[in-house]
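Novice: Generate coordinates for the sequence data below:
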Amino acid sequence: MGIAEALMILEETTVVEASPGAVFHFFETMEEHYTRWHPDHVAFRWIDGNGLEAGATAYFEEEIAGKTQRKTVRFTRVDPDRYIEFEPTSRLVRLLMPHISFAISSHPGGCELTQRISVRTGPIGAWLNRREFDAVREHMREEGENLNRILEDDS
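Specialist: As a prediction, this is how the structure comes out:
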C-alpha cells in the first residue's frame, strides 16, 4: 500500500451565514476567538510570523475524546477568503497527520466552510481508532455550527 492509499480524510462541511471575508477574518483573529469557538478549546497563540500568513507558526491546545491535544503548526498556504492550510511542525506528528485545511467557498446566503484533516492510517488503524476519529468528526461538526453562531451573534 502506497502512502497516498493509506491517507484517510476526515471532512466536515458547514454552511455559514456569513461572507467568505467574515469567515477568513475569524481565522485571522483566532487569538480572540479560539476558546469561544468550542468549549473543548483550551489555548491558542501565535508563535512566529505576522498572524495568518504562509510560514507563520501557532500553538493550540484542545480536548478531544478526553485527551488533551497540543500542537504547534506551520501555515503552508493562505489564500485570503478562500483557503488555509497548515501542518504540524513535529516530523513525527506530520508523518501521521500531514496537514489540516479550511476551504471557504461562496454559497447562496453566505459560504461553505470545509474542514479537512488528513490522517495516515490503514483500515486496521482506522478501525482501532474509530472512537477517536468519530470524536474528531463530532468536534469538527460542532466547530462549524459554533462558527456560524459566533459570526451571526457578532454581526
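Novice: What helix or strand is I124 located in?
Specialist: helix 123-128 (DSSP states H and E).
Novice: what residue ranges in this structure score low on pLDDT?
Specialist: Residues of the chain that meet the criterion pLDDT under 70 lie in 1-5, 155.
Novice: can you rerun that using 50?
Specialist: Across the chain, the ranges flagged by pLDDT under 50 are 1-4.
Novice: Let me see the ranges of the strands in it.
Specialist: 7-16, 41-48, 57-64, 67-79, 83-88, 100-107, 110-120 (DSSP state E).
Novice: Kindly reformat these as JSON lines containing distance to T35 and mean neighbour count.
Specialist: All C-beta spots, glycine's among them, are computed from the backbone N, C-alpha and C. Listed next are those as JSON lines, based on distance: least, CB to CB, whole Å; neighbours: other CB atoms under 10 Å:
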{"stretch": "strand 7-16", "distance to T35": "19", "mean neighbour count": "16"}
{"stretch": "strand 41-48", "distance to T35": "5", "mean neighbour count": "14"}
{"stretch": "strand 57-64", "distance to T35": "10", "mean neighbour count": "17"}
{"stretch": "strand 67-79", "distance to T35": "14", "mean neighbour count": "15"}
{"stretch": "strand 83-88", "distance to T35": "19", "mean neighbour count": "19"}
{"stretch": "strand 100-107", "distance to T35": "18", "mean neighbour count": "17"}
{"stretch": "strand 110-120", "distance to T35": "18", "mean neighbour count": "19"}
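Novice: To D154, which of these lies closest?
Specialist: Nearest to D154, of all these, is strand 7-16, at 12.3 Å by CB to CB.
Novice: Contacts made by the closest one with the rest, please.
Specialist: Applying CB atoms under 8 Å, 6 or more residues apart in numbering, the contact partners of strand 7-16 are 23, 98, 107, 109-121, 126, 133, 136-137, 140-141, 143-145, 147-148, 151.
Novice: Quick one: distance of the longest helix that the chain contains to the chain centre.
Specialist: Determined from DSSP state H, the single longest helix within the chain is helix 130-154. Helix 130-154 sits 10 Å away from the centroid of its parent chain (CA atoms, centre = their mean, to the nearest Å).
Novice: likewise stretch 59-73?
Specialist: That offset, for stretch 59-73, works out to 12 Å (CA atoms, centre = their mean).
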